[in-house]
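A.B. asks: What shape does this take:
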Amino acid sequence: MLVVKTGYMQGIEEAQRGYLDVESLAGELLAPGSAYAFLAEHRGRLFPDSMMEDLFPSKRGRPSIPASVIGTVLVLQALEGLSDRAAAEALTYDLRWKAACGYGLTEAAFHPTALVHWRNRLRASDSPHRINEAVAQVITATGVLAGRHRRAVDSTVFQDAVARQDTITQLISVIRRFGKAMVCFVKLK
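C.D. replies: Sure thing, here's the model as predicted:
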C-alpha cells in the first residue's frame, strides 16, 4: 500500500490588505487598549513569517497559515479559553478576531485541526515557547506595561483603581496559560 503524505510549506501574510479587510474597514471600532487592538497593531511584529520557518523545512506542498495569523489565534484562544473549534468559529464570525488577525470580512477560518497541527510542530521544535517569548518582547518594547501597578486590598486585586480585568492583565494571563499548556505538551512528549 502506497501512502502519500501531503506536505506543507510556510504560509506568508500578504503585505497588501484585501478590499474587505476588517481592520481597515472598522478598526477604529476596536476598543482602545483591548487585546484585539493590541494584536491588530503588533501582529506582524509579534509573529513575523520568519518566526515559524523552521517548522516547515520543505518548500513544497500547500501553503500553511501565516505565522501572524496562527500566533494571534493561539493568543486569543488562550485569552478567551476557547476550544479549537470555537476559536475557528470566532475567527470566521467575530469581527474583533478578524481585525486582530488581518482577515477580510468574508474570509472564513481554517479547519480547527490546523491548531492541533501547529501546536504539534511547535512542541517538537527547538523553541516551543516562541509565542510566549514574542509577546513578552513586544510588551517590553512597546512599554505597554510601564506604569502599571497591582494593589491588593482585602484579598481583591485592583488594577490602578479599576476593578475590571484590563488588556495588560489579560495578556499576562495569556502568557501564563500558554506557557503552562506548552509545558504540558512538552511533558507528554
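
A.B. asks: Show me the shaky parts of the chain.
C.D. replies: 1-25, 27, 63, 142, 144-172, 174, 178-189 (pLDDT under 70).

A.B. asks: Please enumerate the helices of it.
C.D. replies: Secondary structure of the chain by DSSP state H: the helices cover 22-26, 35-46, 67-80, 84-93, 95-101, 113-124, 130-142, 167-188.

A.B. asks: Out of those, flag the one nearest Pro57.
C.D. replies: helix 113-124 (10.5 Å; CB to CB). From N, CA and C alone the C-beta is placed, and that goes for glycine too.

A.B. asks: which of the residues in that closest one are buried?
C.D. replies: Residues of helix 113-124 classed as buried: Ala114, Leu115, His117, Trp118, Arg119, Arg121, Leu122 (neighbour count, 16 or more other CB atoms under 10 Å).

A.B. asks: TSV please, covering those residues and showing distance to Asp54.
C.D. replies: TSV is the format used below for the buried residues of helix 113-124 (distance: CB to CB, whole Å):
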residue	distance to Asp54
Ala114	18
Leu115	19
His117	15
Trp118	13
Arg119	15
Arg121	9
Leu122	10
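
A.B. asks: which one of those residues is nearest Tyr103?
C.D. replies: Ala114 (14.2 Å).

A.B. asks: Now do the contacts for that closest one.
C.D. replies: By CB atoms under 8 Å, 6 or more residues apart in numbering, Ala114 lies in contact with Ser64, Ile65, Ile70, Ala88.

A.B. asks: Recalculate using a threshold of 10 Å.
C.D. replies: Contact analysis of Ala114 by CB atoms under 10 Å, 6 or more residues apart in numbering lists Tyr8, Ser64, Ile65, Val69, Ile70, Val73, Asp84, Ala88.

A.B. asks: follow-up on the earlier one: would CSV of the helices of the chain with distance to Arg60 be doable?
C.D. replies: Putting these into CSV (distance: least, CB to CB, whole Å) gives the following:
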stretch, distance to Arg60
helix 22-26, 32
helix 35-46, 26
helix 67-80, 19
helix 84-93, 26
helix 95-101, 26
helix 113-124, 16
helix 130-142, 24
helix 167-188, 27
